[in-house]
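**Q** what shape does this take:
(chains A, B and C)
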Amino acid sequence: MPTDDRVLLSVRDLHTTFKTDDGDVKAVDGVSFDVHRGEVFAIVGESGSGKSVTSMSILGLLPPDTADIQAEGILWKGENLLEGSAGRLREVRGKEIAMIFQDPLSALNPVHTVGKQIGEMMRIHEGASRKQAKARAIELLKLVGIPQADRRVDMHPHEFSGGMRQRVMIAMAIACNPDLLIADEPTTALDVTVQAQVLEVLLSIKDEIDSAIMLITHDLGVVAGLADRVMVMYAGRAVELGTADEVFYETRHPYTLGLLASLPRLDDSGREKLIPIKGSPPSLLRRPSGCSFHPRCPFARVPGICNETEPPLHLVGGMAHVSACHFAEDMKNVGVAELREEETLA
Amino acid sequence: MPSYVIRRILLLIPTVFFAISFLFFLFFTLPGDPANLIAGGFNRTPDPGVVQRAKERYDLDKPLPVQFVHYWERTLKWDLGESYKNRRSVNDILGEHAVNSLRLGIWAILIEVVVGIGVGLIAALRRYSLSDKITTVVTAGMSALPVFVLGFVLQYAFAVYPHKHAWPEWLTLRTQGLGPDSWAFFFIPTGEQWRYLILPAVTLASVSTALAARMMRGSMLEVLRADYMRTARAKGLDERSIIVKHGLRNALIPVVTLIGIDFGTVIGVAVLTETVFSWPGLGSEIASSVTSRDLPVLLGLTLTVVLAYAIINLLVDLSYAFFDPRIRLGEGGEK
Amino acid sequence: MSLGDPQAAGSMVTGPGEPVGGGMDLGAVRPLRKDVWRRFRRNRMAMIGLVFLVFLVIVAVFAPLIAPYSITQRVPLFREGPSRDHLFGTDIIGRDLFSRVVYGARVSLKIGILASVLSLAIGILLGSTAGFFGGKLDTLIMRITDIFLAIPYIVLAIAIAAIFGKSENTIILVIGLTGWLSITRIVRASFLSLTQQEYVEAAIALGYSRTRIMFRHILPNALQPIIVYGTISVGGVILTEAALSFLGVGPQDPTPAWGLMVAQGKGDLVNASHLLFFPAAAIVLTVLSFVFIGDGLRDALDPKLK
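**A** Numbering: from 1, shown residues only, chains lettered A, B, ... in the order given. Next comes the predicted model:
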């Protein structure tokens, strides 16, 4: 396989399937992407699009009795994690790839002090003593901007506010200077006013420890101005992938366009309506034929190619801007304004 | 926190007072004039002189409210009176029997904690396995089996049957009584003592152990699904540390609650167990003093049990704070 | 739909606390009762329990037709093991054990159900009063409950049983009058939280009488834990009856109470183990049935717990 020095993580043709009483659910259905050193890579999609499952699959965090992970490879610095031993995977977890979860209240253990939970990272991966671990935990709490760190290190998660808790989570994740931080909806559970602060902490930390970030979110607003590259997922598949500028300004997929149109903008005059995407995400048990998005797509030609043939990801511009839409070329001339027009006509 | 403890203790005093007072009036309305019983038993017509002397001796010639006041005057000085049956001091009877019950109870709690929590934990970790299914069936069966039936069955299986079929002596256990009463460090049986201890201890522990195992299983299954367990895994901990360091303490919170609440059941089971095995503890003595209308013994021993029950509940309450830091003692009350 | 409408109160069972349709369920919204039954039916242990209970009720109702002997009739066979004439053998004074166990179904079900109903009635009354009115009344009721909780249940039960006597009916009274503590606390807790709900505040604002609000508007929503606890407690009562019988303060001979039969069978475990086995098995199966049905009801009534 070609090894590119810039590529940190390379996921090749990932399929994650859940066995349920009602049948197999293909939560992730053939997703491939690379994360480069030092970049912010965003995965965007509605809930149920498979974005979180993708991140969990990388570290093998899904329950093995219900989740089946198949892939050509999950290459971490060229090493296939799927073939690695359990011990090797544990080494990677936390030390090289660290995760930040959505709801810090439930993701932090209620019975241990935050200092103990942060220090545990150094204890496992660096063989630090209790004392060293605590000293480093205080250092990390200071780094993520928690005041009175030497006092708060002995407190329990419930004694922190939501934003502070997420800072604790970040402090824990960066404890071993990982090369990749996976942040799964890091700000969704937080107040809007706190969200920006937490994102800021996350970005400054990234520069401090020189790591890449894989940012998973349903909110394109969070991605804008933060991400270097963006992958948009829908119903377990990637539908558009490119640099942030490409995805935002040269959108080549109607779903991405729909997400953009439903987003409030600061430069909005206020007269233009926000347009929600009609309908709801499809059941992964009964996926629509052809393009999964066609029942909700304002441009779909049904009956026709859209409900008959599954569109492959193909290059639509730039170096690596890909889209999975039969009419990606036509999308060149379509922007948010045209989508509005289309919607008002329909 | 100290103020909370003090408040709890102050609340205990009226509760215990009213509970014991209620029992005083309840017991003294038991049919049959105690004086007659003391003087002559159930059916004979006792000599009036003897009855009169008995009444005077036991304060029974005074109206009930006066007796009630006298009772509390004595009880507050921890003078529990004397037995109608054999004129022994209730304090002495109590001392003797309480120690026996305590020894049995310690072993039952050890079994409950070790076996109950252990079995529940293993069942949860190996969910759907054969051992899990067996645990579910056995624990359900245990909680539906009358305790004394379990006692009989154990007596039969481990003592009567081996004896009948001439098994070697070291395989048979004893079914009746305290045995040689030889102990090291207060509760470790020495010599032949273990043969007498093992069956009643297992019987006493049975119901609570089954409950603890069920509770532990359910609680651990819930914890295994918790987000913080996933976090622990994402940190790179090995499975053992994930379970022990992150799962166990969370899973124990509801089990500790149960062990506390359940202490009342343990006392009930103790009455039955001690009666089945003729173990001379508080439970069997309480049961026999009801039947023989030995009111001073009944009241004295019950008072002790009520006090012990109240103190254990208090200790369990206080221990929540250790297991669950989210519980702040004194919260909601005046600090 | 006005709040005073009894139908409205009934339909509120589906209201708060019951997620309509559930997250994943895309099918049509079914009536609640049907839904509960569908979920209950999926629980194998609960269904086995229900089938056994139905069987037991049939046995109890048709006991005179099923039992070949009466409960007091003696034959000159003492402590005989099971045979064709005496399916469960005979007891120590030559009575047919099978017939006594069959009639025992009547006694045990009667004691179990009536005592549970009595406890539930007291518990609901006290618990709802405490939870709804709060304040001093609540403090008083909870203090009384605490006092009784401080007394070990078995001591209370044997003392009261010793006072009231030892017939079948007095045992119902004894167990019923001592078993209301937990249910009082459960009902109080539900009422405390339900009284805060908006529809109750609305009903108060509309000026409905307090008793009407308590029983028409709040009680239907507090029923789930009551039903579950009530079902499981029937099994508990049967075990208590057995314990009281064993201690000599339960129903007396010749009442065919299973607990009493077990207690009488204890002496002869070596030579006549059937005396212990059959009534004990009847107790275990019956208690398990109620426990399984109770568990099944809990899961069926509250899908969130699954």
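**Q** count of residues packed around the closest residue to chain C within the stretch 1-150 of chain B?
**A** Taking CB to the nearest CB as the measure, the point where the stretch 1-150 of chain B comes nearest chain C is residue B:144, at 3.8 Å. The way it works is simple: take the backbone N, C-alpha and C, and place the C-beta from them, glycine included. The local packing of residue B:144 (other CB atoms under 10 Å in any protein chain shown) involves 22 other residues.
**Q** same deal with residue A:63?
**A** 11.
**Q** could you find the closest non-adjacent residue to the one residue sitting closest to the centre of chain C?
**A** Nearest to the mean C-alpha position of chain C, by CA atoms, centre = their mean, lies residue C:234 at 2.3 Å. By the measure of CB to CB, 6 or more residues apart in numbering or on different chains, the closest residue to residue C:234 outside its immediate chain neighbours is residue C:112, 4.2 Å from it.
**Q** what separation do you get for the one you found and chain B?
**A** Distance check for residue C:112 against chain B: by CB to the nearest CB, to the nearest Å, it reads 13 Å.
**Q** cool, and residue A:172?
**A** From residue A:172 over to chain B (counting by CB to the nearest CB), the distance is 7 Å.
**Q** swap in residue A:100?
**A** Computed with CB to the nearest CB, the distance linking residue A:100 and chain B is 9 Å.
**Q** now stretch C:101-111, how far from the centre of its chain.
**A** When C-alpha coordinates are averaged (CA atoms, centre = their mean, to the nearest Å), stretch C:101-111 and its chain have centres 14 Å apart.
**Q** please enumerate residues in contact with that stretch?
**A** If you take CB atoms under 8 Å, 6 or more residues apart in numbering or on different chains as the criterion, stretch C:101-111 is touched by C:56-57, C:59-60, C:63, C:66-67, C:71, C:88, C:168, C:171-172, C:175, C:237-238, C:241, C:251, C:255-259, C:261, C:278-279, C:282-283, C:286.
**Q** please point out which parts of it sit buried.
**A** Applying a neighbour-count criterion of 16 or more other CB atoms under 10 Å in any protein chain shown, one finds C:101, C:102, C:103, C:104, C:105, C:106, C:107, C:108, C:109, C:111 buried in stretch C:101-111.
**Q** got JSON lines for those residues, with pLDDT and distance to residue A:134 too?
**A** Conversion of the buried residues of stretch C:101-111 to JSON lines gives the following (pLDDT from 0 to 100; distance: CB to CB, whole Å):
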{"residue": "C:101", "pLDDT": "93", "distance to residue A:134": "67"}
{"residue": "C:102", "pLDDT": "94", "distance to residue A:134": "70"}
{"residue": "C:103", "pLDDT": "93", "distance to residue A:134": "71"}
{"residue": "C:104", "pLDDT": "92", "distance to residue A:134": "66"}
{"residue": "C:105", "pLDDT": "94", "distance to residue A:134": "66"}
{"residue": "C:106", "pLDDT": "93", "distance to residue A:134": "68"}
{"residue": "C:107", "pLDDT": "92", "distance to residue A:134": "66"}
{"residue": "C:108", "pLDDT": "92", "distance to residue A:134": "62"}
{"residue": "C:109", "pLDDT": "93", "distance to residue A:134": "63"}
{"residue": "C:111", "pLDDT": "93", "distance to residue A:134": "61"}
